[in-house]
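*Asks:* What follows is a predicted structure for the sequence shown.
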Amino acid sequence: MQAILALEDGRLFRGKAFGALAERVGEVVFNTSLTGYQEIFTDPSYAGQIVVLTNPHIGNYGTSPSDAESARPYIEGLVVREFSPVSSNWRSTEVADEYLERSGVPVIAEIDTRAVVRHLRANGVMRGIISTAVADTDALVARARAHKKMDGTDLASVVSTKKSYTWDATTALNETGDNLLPASITNQNQMHVVAYDYGIKQNILRMLTRENCRVTVVPAKTPAADVLAMNPDGIFFSNGPGDPEPLDYAIANVQALQGKAPLFGICLGHQIFGLALGGKTYKLKFGHHGGNHPIKNLQTGKVEITAQNHNYNVDPASLPDNVERTHTNLNDGTLAGLRHKTDPMFSVQYHPEASPGPHDSHYLFKDFRKMMEEWKK
């Protein structure tokens, strides 16, 4: 069956339909990762977005519950060059085609993804629609243009957990009921971390647990007073989708918690930190999405290859003097990390948990552990 990708500027791409026979609208972005397509499908930070994968062959190793970053795919649609209808991997429990079909996600394949990416790089991310009905193309473009823009949209509270839960050695289950905890923890010297869920990924919870932390995950709008009542040793602010500026509740929580416990933020959490500290954010032309972004640690001089997935960035010039710039993106010089000079709080714009990789930035979870230990002294 034929499918069509229509962009809001009128550019059309025709291909073959896989996944769900459906029509979905979203902001179209591209990801340059070579592996980890299931992790991309299930990253809640992609809520509201159609993802173009630059790796030309997708679906070849199928899907597995242990590779999911959440209970279901959050992408609105998928654009690929080749999409395998079969899987060749002993770990696979379901082919990618059936996995996305069951989740209602349409796929358009057998198109020139290089042309799509070049168009987005030249013109910036834009709204688009994938349709397997292949209706009137003018009507499809009109529907893409009518779709609400990402700017000013709070998606974090939409994808967040609706109730608090504990992630530990005995209840480390995702929403599908699969036990995904690879490491054991002990009660000795255990730290209690409260994690705000703005679209948190499963591997973040695993990484915190590997540092011998008991993690309580709370909904995005949980008041700061309720978090402090849990007596946390540290507080984590997760990744998530959408524009950070509308998240007044999250910004207010960071301001209320600053100086009262060690704070660590990733991606959207980093942007929230920037806003809470008095800075400003802006939207990138086509975002950073992929597993090969070089980041320089300005404190050590070392370069890390990182996984990234964001459309907004903190303007370093807007930050006050009591905030230190700790990391920079070597591709475009954008701010990639910050630390408060006096209060125990730091954040990074990329994903140090990086599932399936790279693993260069795992040390940040150890830094958070050390910060909590020093705070308790």
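*Replies:* Looks like it came in fine.

*Asks:* and residue 317, how many neighbours?
*Replies:* For residue 317, the count of nearby residues is 8 (other C-beta atoms under 10 Å). Placement of C-beta: from N, CA and C, glycine included.

*Asks:* what does residue 352 give?
*Replies:* When neighbours are counted by other C-beta under 10 Å, residue 352 comes out with 26.

*Asks:* Apart from its neighbours in sequence, what residue is nearest it?
*Replies:* Once flanking residues are discounted, residue 352 sits nearest to residue 361: 3.6 Å by C-beta to C-beta, 6 or more residues apart in numbering.

*Asks:* so what's the one you found up against?
*Replies:* Counting by C-beta atoms under 8 Å, 6 or more residues apart in numbering, residue 361 makes contact with 295, 304, 306, 348, 350, 351, 352, 354.

*Asks:* SS state for the nearest residue to the last one once chain neighbours are set aside?
*Replies:* Leaving aside its sequence neighbours, residue 354 sits nearest to residue 307 (C-beta to C-beta, 6+ apart; 4.0 Å). Recorded secondary structure, residue 307: strand (DSSP: H, G, I helix; E, B strand; the rest coil).

*Asks:* what pairs with residue 307 across the strands?
*Replies:* Here residue 307 sits in beta bridges with residue 351, going by DSSP bridges.

*Asks:* try residue 314
*Replies:* residue 281.

*Asks:* isn't it right up against residue 349?
*Replies:* Yes - counting by C-beta atoms under 8 Å, residue 349 is a contact partner of residue 314 at 7.2 Å.

*Asks:* Now do the helices in the stretch 251-377 of the chain.
*Replies:* Taking DSSP state H, counting those that start in this stretch, the helices of the stretch 251-377 of the chain run over residues 268-276, 363-376.

*Asks:* Kindly reformat those as CSV containing distance to residue 205.
*Replies:* Shown next, in CSV, are the helices of the stretch 251-377 of the chain (distance: least, C-beta to C-beta, whole Å):
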stretch, distance to residue 205
helix 268-276, 14
helix 363-376, 11
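
*Asks:* Could you list the buried residues of stretch 108-123?
*Replies:* For stretch 108-123, the neighbour count (16 or more other C-beta atoms under 10 Å) marks 108, 109, 110, 111, 113, 116, 117, 119, 120 as buried.

*Asks:* cool, and stretch 188-205?
*Replies:* Neighbour-count burial for stretch 188-205 flags 191-205 (criterion: 16+ other C-beta under 10 Å).

*Asks:* before we move on, what about stretch 247-260?
*Replies:* By neighbour count on 16+ other C-beta under 10 Å, the buried set for stretch 247-260 is 247, 249, 250, 251, 253, 254, 257, 258.

*Asks:* Which of the contacts of residue 361 are buried? Put it as a PyMOL command.
*Replies:* This is how PyMOL selects the buried members of the contacts of residue 361, with burial counted by 16+ other C-beta under 10 Å:
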select buried, resi 295+304+306+348+350+351+352+354
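
*Asks:* wait, which of the contacts of residue 361 is closest to residue 59?
*Replies:* Using C-beta to C-beta, residue 354 is the member of the contacts of residue 361 that lies nearest residue 59, at 21.5 Å.
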